[in-house]
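S.K.: model this:
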Amino acid sequence: MRSLLVFLCATTLAAAAVTAQEGGVSIRIDPAQQRPEVRQLPRDVADEVIRFFNSPGTVRFSGITRIPAARGIDGDVAVLGGPVTIAGRISGSLTVINGDLVLEHGAVIGGEVLVVGGVIEGATRASIAGEARSYPSVLRYRRAGDELTYAPEREALRRWRRPATDSRTNFDVGLDGTYNRVEGVPIVVGPGINLRVNEGTRFQGDARLILRTGENFSLDPGRFGYRARGELVVGQRTSNVGFGIRAFDQITSVEPWPLRDYEAGWAAFLLRNDYRDWYRRQGWAVYAAIRPSRAATLTIEGREQDVFSKAENRPWTLFNGARTWRTNPAVTDGQYRSLVASLRLDTRNDRREPSSGILVNAEFEASEGRNISGMIDPNIVCITAPCVPASYTDGRLTYQRAWLDARLYTRLTPSGRLNLRLVGGGKMGGDDLPLQNRVSLGFPDPLPGYSFRYMSCGGERFAGQPALCDRAIVAQAELRTHMGFDFGPDWANMWGDDAEDRYEPFHVTGPDVVLFADAGYAWSVGSGPGALAADRFPALHLWQPDVGLGLDLGPIGAYVSKALGPYHGPVTFTLRMGRRF
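M.R.: Numbers count the residues shown, from 1 in each chain. Coordinates of the predicted model:
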């Protein structure tokens, strides 16, 4: 059997370490907390809110709160802070104090909804038995033990404090990114700002210095990295347009799509299995983002960046310390100028455990490389100079590439789900793709029944087994049924306000029994052996399938899979953190 993707005991390790693989463990110094404020909250509304919160029968929460679709709360609920997301059921009334409320498809509120110091989004998507009201003004209060008392602010003091409450600054010290064999774990330090310019306009920005713990500590170029961003946002929180600029010097992975960042990081940290390859990129970009709703974002970005190959280092791992790290393959070094258009559409009713909706991520890139000095194709054997095709002897490289990841989530029965995914893309035109944009397929995802990079278009002949294919396509389907098992305290699972890929190691749900099947193919474009012409699509008999069965407990899932067709490898066993897709 294959080595485990992640170690079974990962769920019992320190919470800080878990979060480091996903979104960063940070120490935040926030001198001015942002609060929506228009005017003093009417006294009768303030009294109503305080009576509701102080009532002995009210279930109280503080900070970021989420009730998933499969869960419910009996009685009245009050939340101090936020944001609050409801996808499940509340049998009584709901009051949110100084925070926003998002109601997702299928949410049920058995009483009234009252939000002060925030807004309600998605009221038409939910079932609300009573009246729904919202007030943008915050509630001024003091804590008296477990209860609240009204503490109105004097008018003169309120006018003086307005600039501070409309803006926020912070200073972060934390872990960021993905543990890998090139930089170890990156540590970031730097400030951030969220500044209200005027009504409907904000400036958001941050700057981070990146310490690469896998490098020898020195001031040489590349030993330290950075990322900085500034964006002017015009419009409301749910619908706006942003104009931004960013600068970066970061270690980036060649194929970021098969595994989530925290899964790849845990595999490297625990077992010394780094399933990604890495390179350094340094440059800047300007972009415009159109967000007509929370569900859709269209971004146009222009980039100017330098790309550098990186050798693997020797960062520490928990197990297999005597094993040598897999060679980190070289990429195509040079200077690149790119125009990138991307679209994201997300209508899922729950981002971590969706039962309905779609998710589409699409990207098109047109790039020009200059001063190309790195390897373009390791299959080229240098006998006499030049060692690169004649079309690249001037140091230029022009190409276009596209990528699509489309997912559909469907509820078949109260406990049954059918999830479908189609993902793929690659070279669309121009010269050969640089090595950092090549693709492959195999273990551990999205074809777990095969060996690592089983389809790499010749990459197995070179150190590190680089991905050398120009295009890849994969179709995935899974049928899952929920067994009705659910436990874990909410307070132990709130790792931050980014719910996109949030990992909750102490919240066990399920088990979900998962029956899945995958099929895909990766190939080169051209006229060589095994290659397909640019206008040809691989015939179905070329696609390599596998099937499998799994048990998904929420924070971790165990799967067995077997390849079908000409590949006669053994049954593979993998552990995945979170859902497959």
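S.K.: Is Thr201 bridged to anything, and to what?
M.R.: Following DSSP bridges, Thr201 is listed with bridge partners Asn198, Val234.
S.K.: what's the average pLDDT for stretch 302-314?
M.R.: Averaged across stretch 302-314, pLDDT comes to 95.
S.K.: now the stretch 351-500 of the chain, which segments are flagged as low pLDDT?
M.R.: 379-393, 484-500 (pLDDT under 70).
S.K.: ok, 50 please
M.R.: In the predicted model, the stretch 351-500 of the chain carries pLDDT under 50 at residues 381-386, 490-500.
S.K.: which residues are contacting stretch 425-432?
M.R.: 363-364, 376-377, 389, 391-392, 397-404, 433, 437, 439, 469-473, 525, 534 (C-beta atoms under 8 Å, 6 or more residues apart in numbering). Every C-beta, even on glycine, is put in place using the N, C-alpha and C of the backbone.
S.K.: Buried ones among those?
M.R.: Buried positions within the contacts of stretch 425-432, assessed by neighbour count (16 or more other C-beta atoms under 10 Å), are 363-364, 376-377, 392, 397, 399, 401-403, 433, 437, 439, 469-473, 525.
S.K.: Surely Arg71 touches Gly88?
M.R.: Yes: proximity of Arg71 to Gly88 meets the contact threshold set by C-beta atoms under 8 Å, at 4.5 Å.
S.K.: So if I had to pick from these two, which one is more boxed in?
M.R.: Using other C-beta atoms under 10 Å, the more surrounded residue of Arg71 and Gly88 is Gly88, with 18 against 14.
S.K.: and the closest residue to Glu460 other than its chain neighbours, how many neighbours does it have?
M.R.: Among residues not flanking Glu460 along the chain, Arg453 sits closest, at 7.2 Å (C-beta to C-beta, 6 or more residues apart in numbering). Arg453 is flanked by 24 other residues according to other C-beta under 10 Å.
S.K.: Can you give me every residue that contacts Arg453?
M.R.: Residues near Arg453 by C-beta under 8 Å, 6+ apart: Ser440, Leu441, Gly442, Phe443, Gly459, Glu460, Gln465, Ala467.
S.K.: Please pick the buried ones from those residues.
M.R.: Buried residues within the contacts of Arg453, defined by neighbour count using 16+ other C-beta under 10 Å: Ser440, Leu441, Gly442, Phe443, Gly459, Gln465, Ala467.
S.K.: In CSV: those residues, plus secondary structure and distance to Leu479.
M.R.: Below are those laid out as CSV (DSSP: H, G, I helix; E, B strand; the rest coil; distance: C-beta to C-beta, whole Å):
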residue, secondary structure, distance to Leu479
Ser440, coil, 27
Leu441, strand, 22
Gly442, coil, 23
Phe443, strand, 22
Gly459, helix, 33
Gln465, coil, 33
Ala467, coil, 30
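S.K.: from these, which is closest to Glu255?
M.R.: Nearest to Glu255 among these is Ala467, at 5.9 Å by C-beta to C-beta.
S.K.: pLDDT weak spots in the protein?
M.R.: Along the chain, the parts satisfying pLDDT under 50 run over 1-38, 156-165, 381-386, 490-503.
S.K.: Would you check how far apart Ser475 and Gly520 are?
M.R.: Heads up, residue 475 is Ala, not Ser. Per C-beta to C-beta, to the nearest Å, Ala475 is found 7 Å from Gly520.
S.K.: Next: Arg337.
M.R.: Distance of Arg337 to Gly520, computed by C-beta to C-beta: 32 Å.
S.K.: Same check on Val59?
M.R.: 47 Å.
S.K.: OK, contacts around Gln204?
M.R.: Ile193, Asn194, Leu195, Gly230, Glu231, Val233.
S.K.: let's go with 6 Å and repeat that
M.R.: Gln204 sits next to Asn194, Glu231 when contact means C-beta atoms under 6 Å, 6 or more residues apart in numbering.
S.K.: burial count for Phe61?
M.R.: Counted by other C-beta under 10 Å, the residues lying close to Phe61 total 20.
S.K.: Can you give me the distance of Val189 to Leu211?
M.R.: Val189 sits 7 Å away from Leu211, taking C-beta to C-beta as the criterion.
S.K.: for Gln282, same thing?
M.R.: For Gln282, the distance to Leu211 equals 16 Å [C-beta to C-beta].
S.K.: and if you look at Leu41?
M.R.: In this view, Leu41 and Leu211 are 45 Å apart by C-beta to C-beta.
S.K.: Export only the CA atoms of stretch 170-187, formatted as CSV.
M.R.: What follows is stretch 170-187, C-alpha atoms only, in CSV (Å, rounded to 0.1, in the frame of the first residue of the first chain):
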residue,chain,number,x,y,z
ASN,A,170,-3.2,45.7,13.2
PHE,A,171,0.2,44.2,13.4
ASP,A,172,0.6,40.4,12.7
VAL,A,173,3.3,38.0,13.8
GLY,A,174,2.6,34.5,12.7
LEU,A,175,3.1,31.4,10.5
ASP,A,176,1.9,31.6,6.9
GLY,A,177,1.8,29.5,3.8
THR,A,178,2.6,25.8,3.4
TYR,A,179,5.4,23.8,5.0
ASN,A,180,7.7,22.6,2.2
ARG,A,181,11.2,21.3,1.5
VAL,A,182,12.5,24.7,0.1
GLU,A,183,11.6,27.2,2.8
GLY,A,184,10.4,25.1,5.7
VAL,A,185,7.7,27.1,7.4
PRO,A,186,7.5,30.8,6.5
ILE,A,187,7.1,33.3,9.3
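S.K.: Wasn't Lys562 part of a strand?
M.R.: Yes: assessed by DSSP: H, G, I helix; E, B strand; the rest coil, Lys562 belongs to a strand.
S.K.: Hmm, it is touching Gly449, no?
M.R.: Yes: using C-beta atoms under 6 Å, Lys562 is in contact with Gly449, at 5.3 Å.
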